[in-house]
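Chemist: One predicted model, sequence on top.
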Amino acid sequence: MKIEHWQLKQRQAEPLDVKILMSKERIKQWYNHWDGEVYVAFSGGLDSTVLLHMVRSIYPDVPAVFNNTGVEFPEIVKFVRGTENVVWGRPRKRFHRVVHEYGYPVVSKRIAQYVHEVQHSRGETATKRLRLTGIKTDGTYTALGRISKKWLFLCDAPFGVSDRCCFWLKKDPSKRIEKEYGRGILGIRADESKQREQNYLMHKCNAYDFKRPRSWPLAFWMHQDIWDYIHLHNIPYSPIYDMGYSSTGCFPCMFGVHMEDYPNRFQRMYDTHPKLWVYCMNKLGIQQVLDYIGIESKP
């Protein structure tokens, strides 16, 4: 049953000890529903580190699964290697191949998908009209179906734009992992994006009715709750977070970089990981993309 926005805000305002009890209850429900055939999706980031600790405080033998995309920060990879009972998954296509075949991940998943559809449309299709104007086949208008005016120029970019890297580097390996290890428990919070907030409001923490059921027991937590839990239990975490990074993921990803304050992720990478920066800019061709959308890559 759907919950209201005020209920989410109420849960987000609860003290940490209450949130811990609520999350553990959801973990138990998920574990029992699938007769223990579950795993923790472990990225090596802060949220999944807290989630793994919490799950194993109840069920010590639950495996963790790390999708090694090939474009993870070395500090993340080293941290994951030092964690017990971790299964490593690997994508069938690497990042450089995905961007070559489909295009670069820029702005957001939604905008990247829409731009890709326009770039690869054959003639004046209904989909192309929708993405460019927001006009549906029945003549009605939807702002969510179109590319915002700010990013329309990406349709004429001298490079491809796409959201497909998330599928090939994360979703596709996860599907194969589920066949062997069961249903995933993910360290995802509703406050991370509007889309995740809407998903939580519609399906709550444990979504049994999804085509691929999923559990988000930390969905109503805030970023500060994660740090408070880490300090409360003295949990080791990846040193990448002591280098100025507030979140980690695939280091060449450009989703959301236009919204970052100085220094952005690539300006920081220039100082902390100069070899990775050169690889991104020159080998992967990211410099041309950042230049085109007006993002600085150096401090």
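Modeler: Here it is on my side, so go on.
Chemist: doesn't Tyr104 make contact with Phe159?
Modeler: Yes. If you go by Cβ atoms under 8 Å, Phe159 and Tyr104 touch, sitting 6.1 Å apart. (C-beta placed from N, C-alpha, C; glycine too.)
Chemist: and for these two, which residues touch both?
Modeler: 285, 289 (Cβ atoms under 8 Å, 6 or more residues apart in numbering).
Chemist: ok, those two, which is more surrounded?
Modeler: Per other Cβ atoms under 10 Å, whichever of Phe159 and Tyr104 has more neighbours is Tyr104, with 30 against 15.
Chemist: pLDDT wise, what is that one at?
Modeler: At Tyr104, the predicted lDDT confidence score is 98.
Chemist: Could you double-check that it sits in contact with Ile286?
Modeler: Yes. In this structure, Tyr104 is within contact of Ile286 by Cβ under 8 Å, at 7.3 Å.
Chemist: what is in contact with the two at once?
Modeler: Met254.
Chemist: ok, now how distant is the nearest residue to Tyr208 once chain neighbours are set aside from Pro213?
Modeler: In space, and not counting its chain neighbours, Tyr208 is closest to His33: 6.8 Å by Cβ to Cβ, 6 or more residues apart in numbering. To Pro213, His33 is 9 Å away according to Cβ to Cβ, to the nearest Å.
Chemist: Can you work out which residues contact both of these two?
Modeler: What both His33 and Pro213 touch, as defined by Cβ under 8 Å, 6+ apart, is the set Asn206.
Chemist: re earlier: count the neighbours of the residue nearest to Tyr208 for me.
Modeler: His33, neighbours per other Cβ under 10 Å, totals 15.
Chemist: Can you check the pLDDT for Lys136?
Modeler: 94.
Chemist: again with Thr49
Modeler: 97.
Chemist: quick one: contacts of the one helix or strand it maps to?
Modeler: Using DSSP states H and E, Thr49 sits in helix 46-58. Contacts with helix 46-58, where a contact means Cβ under 8 Å, 6+ apart, come from 20, 23-24, 27-28, 31, 40-42, 62, 64, 83, 185-189, 217-218, 221, 226-227, 229-230, 233, 235, 237-238, 241, 247.
Chemist: Just the buried ones out of the residues you listed, please.
Modeler: Neighbour counting with 16 or more other Cβ atoms under 10 Å marks 20, 23, 27, 31, 40-42, 62, 64, 185-189, 217-218, 221, 226, 229-230, 237-238, 241 as buried within the contacts of helix 46-58.
Chemist: Spit out the contact partners of Arg94.
Modeler: So Arg94 contacts 69-71, 169 (Cβ under 8 Å, 6+ apart).
Chemist: report the angle between the axes of the longest helix along the chain and helix 46-58?
Modeler: If you go by DSSP state H, the chain has its longest helix at helix 16-33. Interaxial angle, helix 16-33 versus helix 46-58 (axes from the mean of the first three to the mean of the last three Cα atoms, to 10 degrees): 70 degrees.
Chemist: can you tell me the average pLDDT over whatever helix or strand comes next after helix 16-33?
Modeler: Using DSSP H and E, the helix or strand that follows helix 16-33 in sequence is strand 38-41. For strand 38-41, the mean per-residue pLDDT is 96.
Chemist: for strand 38-41, the distance to its chain's centre please.
Modeler: 16 Å (Cα atoms, centre = their mean, to the nearest Å).
Chemist: Check which helices and strands it is in contact with.
Modeler: For strand 38-41, the packing partners by 3 or more Cβ pairs under 8 Å, 6 or more residues apart in numbering; DSSP states H and E come out as helix 46-58, strand 64-67, helix 172-181, strand 183-186.
Chemist: let's see it at 7 Å
Modeler: Helices and strands touching strand 38-41, by 3 or more Cβ pairs under 7 Å, 6 or more residues apart in numbering; DSSP states H and E, are helix 46-58, strand 64-67, strand 183-186.
Chemist: Now tabulate the ones you listed in TSV and tack on distance to Ser174.
Modeler: Converted to TSV, the helices and strands packed on strand 38-41 look like this (distance: least, Cβ to Cβ, whole Å):
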stretch	distance to Ser174
helix 46-58	13
strand 64-67	7
strand 183-186	7
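Chemist: so which of these comes closest to Lys150?
Modeler: Checking the helices and strands packed on strand 38-41 against Lys150 by Cβ to Cβ gives helix 46-58 as the closest, at 29.8 Å.
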